[in-house]
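*Asks:* whatever this is, show me its structure:
(chains A, B, C and D)
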Number of protein chains: 2
Amino acid sequence: MANIKEIARMAGVSVTTVSRVLNRHPYVSEDKRAAVLEAVRKLDYVQNLNAVHLIKGKTSMIAVVLPYVDNPYLSSPVEGILSEANQCGYRVVLCQTNYRPEEELNVLEMLRMKQVDGVIITSRTNDWDVIKPYLAYGPIVVCEDAGDEPLSCAYIDHYRSFETGLRYLTAQGHRHVACCMGRRGSNTSLVREHAVREALAAVQEPLRPEWMFYDALSMEAGVEVAHRLAGMNPRPTAVLAGTHQTAAGLVAEARKLGLRVPDDLAVIGFDNHMLGQLLDITAVEQSNKDVGRAAFQMLHRYIAEDRYEAEKQELPVRLVERSTV
Amino acid sequence: MANIKEIARMAGVSVTTVSRVLNRHPYVSEDKRAAVLEAVRKLDYVQNLNAVHLIKGKTSMIAVVLPYVDNPYLSSPVEGILSEANQCGYRVVLCQTNYRPEEELNVLEMLRMKQVDGVIITSRTNDWDVIKPYLAYGPIVVCEDAGDEPLSCAYIDHYRSFETGLRYLTAQGHRHVACCMGRRGSNTSLVREHAVREALAAVQEPLRPEWMFYDALSMEAGVEVAHRLAGMNPRPTAVLAGTHQTAAGLVAEARKLGLRVPDDLAVIGFDNHMLGQLLDITAVEQSNKDVGRAAFQMLHRYIAEDRYEAEKQELPVRLVERSTV
DNA sequence: CTGAAAGCGCTTACAG
DNA sequence: CTGAAAGCGCTTACAG
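*Replies:* Numbering: from 1, shown residues only, chains lettered A, B, ... in the order given. Predicted coordinates:
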């Protein structure tokens, strides 16, 4: 493959001049520019981006940490990130971690090794203290409430979200409510449990551990939860399903098992996926895609301005009444 | 950030030696290795990957061309690609094209500019003739039958797939069949139309253009198709929905509109998504995830062996009987 | 407007 | 086992 030197020789100019026309610098005479362009054409030349990246210290790429691609709930921020990145001329390296801490670190190492200009963590398993040091190597944005940590974040307030769902249920008279959560002990789960506990306390009900289902953010999990609920006695009268996928699996399977929704079992889903509309599932609407979009915008600004500043951006949540409560 | 020279100075060795220990070359005395490692630790050093990529001429990254991330049917190959790539130590740059030809070319340019070692095209809009020249810059694998083109491919035979579905329907006595397709005029659509036409001809039925629905590979599209079918007279007795998403939208919405499935309308879905199981949709099962997996394996081999050879790998298809026919 | 030269940070024959 | 040196392919002050 031709390099800049060959172009320079063929065009009868210096490599400096070649570089100038390649980078659209002003101050190049028309005839030299033409000569360079002609040589570029003849030799089918393009820049070697690795050399450009090396010398510029930037790559116009970011990395995205994602636990699993095949879970629509988890991967929805990626849609927002990708569409924003596209517009800004950024490429995104999608890194699936399967929630393995070392994998997360490997991605952060990419930042340290200058392979990417920034990182968005959609969901993490490492402690803040192991993530924070990497801020020294470049900007990082997380898609969860980072509290008082000096990390920028775009997020949905899971406390508010679950509180909204639960208060709606209690207002309808439900007292025995089950919940579908993500990983047991995850930051999000802790926050959600807190919301559930308090909203139940407001109606003098305790949180019953046996009604909390973990690792239940997929359609498959919804199906399984339906079976477990069907066999319970006493049985909760309502479920706060963690995602639309869970809710869909739950509603469809519960009906197959002979439970009437909402009469025997009320169900509330989350997010704003088409699936919820299709099955007419009452839901707390919140857009993870918008979370991703906001996260990229922040990250992009940090890269462009070359300075980082911990900010927080909370995205809205609202209850949409449909037919499953 | 420290560079290799500083490490060399601090450790009292040459940069050659530093490079050796960094790259785990043999023939480095224990004490020098220790000295280097110590300096690396003290200076918090890591390699600048851009320099490594430049000099090696490889990046351990591949690019994936994808029309839309938010369409589960289209994005399913990515799951397979990502999981395989992870195991081989490759990173994947996910490039959403929205079916814009220039965007596709931009991705191929990444190959030319050495930003990635190879490209997988899950779905394309450019002609073979514009894609093929890029083979000069690195390996490319496509996720569709490339026919006699000198391009490697991993794919599902859409002719066989649609034929399987349609023959099942005609065997059950259906004569009036509608179909949900992708983009009108796309390669896949042409093949599918061909299969439909022949399978119908086998029972002396013509293909009716008004029963062919295009851009119908999403749940939303399934919902819309349900409405259009509900208003038709005469109405087809069966539909070959292009994907599980389409089938799900179609089945759920048709029922809302008072159509009985399968009595008034039989539906066959495709792929092997959980959704199909959940709604108990009869389907032609085929795994796009496996397509992605196979595509990466081929690409990886070409990169590792540094030679390209056009191969074809067809993935299996089988009909799964459920309740919607 | 233009070019010689230094430099980005690494790897790798080559010679010892 | 080790190092000086060339080279990967570019950009960018600097001086003219």
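*Asks:* show me what contacts A:Lys5?
*Replies:* Residues near A:Lys5 by Cβ atoms under 8 Å, 6 or more residues apart in numbering or on different chains: A:Val15. All C-beta spots, glycine's among them, are computed from the backbone N, C-alpha and C.
*Asks:* sorry, that was for A:Ala248
*Replies:* For A:Ala248, the contacting residues are A:Met219, A:Gly222, A:Gly269, A:Leu275, A:Gly276, A:Leu279, A:Ile281, B:Leu275, B:Leu278, by Cβ under 8 Å, 6+ apart.
*Asks:* pipe these into CSV and attach secondary structure per row.
*Replies:* Formatted as CSV, these follow (DSSP: H, G, I helix; E, B strand; the rest coil):
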residue, secondary structure
A:Met219, helix
A:Gly222, helix
A:Gly269, strand
A:Leu275, helix
A:Gly276, helix
A:Leu279, coil
A:Ile281, coil
B:Leu275, helix
B:Leu278, helix
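*Asks:* of the residues you listed, closest to A:Met1?
*Replies:* Using Cβ to Cβ, B:Leu275 comes nearest to A:Met1 of the contacts of A:Ala248, at 46.3 Å.
*Asks:* point out the residues in the stretch 1-150 of chain A that sit beside chain B.
*Replies:* Residues of the stretch 1-150 of chain A found near chain B (Cβ under 8 Å from any Cβ of the partner chain) are A:1, A:46-51, A:53-54, A:59, A:61, A:69-70, A:72, A:75, A:78-79, A:82-83, A:86, A:91-96, A:109-110, A:112-115, A:137.
*Asks:* need the phi and psi values for the residue in the stretch 201-325 of chain A that DNA strand C sits nearest to.
*Replies:* Nearest residue of the stretch 201-325 of chain A to DNA strand C (Cβ to the nearest atom of the strand) works out as A:Asp306 at 15.8 Å. With angles defined as degrees, to the nearest 10, A:Asp306 sits at phi 60, psi 40.
*Asks:* that one and chain B, how far apart?
*Replies:* A:Asp306 sits 15 Å away from chain B, going by Cβ to the nearest Cβ, to the nearest Å.
*Asks:* number of residues surrounding that residue?
*Replies:* A count of nearby residues for A:Asp306, using other Cβ atoms under 10 Å in any protein chain shown, gives 8.
*Asks:* please identify the buried residues of stretch A:301-318?
*Replies:* A:Arg301, A:Tyr302, A:Ile303, A:Tyr308, A:Leu315, A:Val317 (16 or more other Cβ atoms under 10 Å in any protein chain shown).
*Asks:* which two among the residues you listed are spaced furthest apart?
*Replies:* Taking Cβ to Cβ as the measure, those span a maximum distance of 29.0 Å, between A:Ile303 and A:Val317.
*Asks:* among the residues of the stretch 1-150 of chain A next to chain B, which are within reach of DNA strand D?
*Replies:* Contacts with DNA strand D within these, counted by Cβ under 7 Å from any atom of the strand: A:Met1, A:Val46, A:Gln47, A:Asn48, A:Ala51, A:Leu54.
*Asks:* okay if I get the residues you listed as CSV plus distance to DNA strand C?
*Replies:* Shown next, in CSV, are those (distance: Cβ to the nearest atom of the strand, whole Å):
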residue, distance to DNA strand C
A:Met1, 16
A:Val46, 18
A:Gln47, 13
A:Asn48, 11
A:Ala51, 7
A:Leu54, 5
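*Asks:* and of these, the nearest to chain B?
*Replies:* The closest of those to chain B turns out to be A:Leu54 (Cβ to the nearest Cβ; 4.0 Å).
*Asks:* can you give me the pLDDT of the closest one?
*Replies:* What the model reports as pLDDT for A:Leu54 is 96.
*Asks:* check the one 4 residues further on too.
*Replies:* The per-residue pLDDT reported for A:Lys58 equals 95.
*Asks:* what about it, distance to DNA strand D?
*Replies:* Separation of A:Lys58 from DNA strand D (Cβ to the nearest atom of the strand, to the nearest Å) stands at 10 Å.
*Asks:* next one: A:Val225
*Replies:* Distance of A:Val225 to DNA strand D, given as Cβ to the nearest atom of the strand: 56 Å.
*Asks:* which strand residues bridge the closest residue to that residue other than its chain neighbours?
*Replies:* Sequence neighbours aside, A:Phe213 is the residue nearest to A:Val225 in space, at 5.1 Å (criterion: Cβ to Cβ, 6 or more residues apart in numbering or on different chains). For A:Phe213, the beta-bridge partners under DSSP bridges are A:Cys180.
*Asks:* burial measure for A:Phe213, as a count.
*Replies:* Other residues within reach of A:Phe213, judged by other Cβ under 10 Å, total 23.
*Asks:* just the buried residues of stretch A:301-318: which are in strands?
*Replies:* Under the assignment DSSP state E, these contribute A:Leu315 to strands.
*Asks:* tell me who's in contact with the residue most central in space within chain A.
*Replies:* Nearest to the mean C-alpha position of chain A, by Cα atoms, centre = their mean, lies A:Pro77 at 3.3 Å. With contacts defined as Cβ under 8 Å, 6+ apart, the neighbours of A:Pro77 are A:Leu66, A:Ile120, A:Thr122, A:Cys143, A:Asn288, A:Lys289, A:Val291, A:Gly292, A:Ala295.
*Asks:* weed out the non-buried ones from those residues.
*Replies:* Of these, these count as buried by 16+ other Cβ under 10 Å: A:Leu66, A:Ile120, A:Thr122, A:Cys143, A:Asn288, A:Lys289, A:Val291, A:Gly292, A:Ala295.
*Asks:* export those residues as TSV, with columns for secondary structure and pLDDT.
*Replies:* Output for the buried ones among the contacts of A:Pro77, formatted as TSV (DSSP: H, G, I helix; E, B strand; the rest coil; pLDDT from 0 to 100):
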residue	secondary structure	pLDDT
A:Leu66	strand	97
A:Ile120	strand	98
A:Thr122	coil	97
A:Cys143	coil	96
A:Asn288	helix	95
A:Lys289	helix	96
A:Val291	helix	97
A:Gly292	helix	98
A:Ala295	helix	98
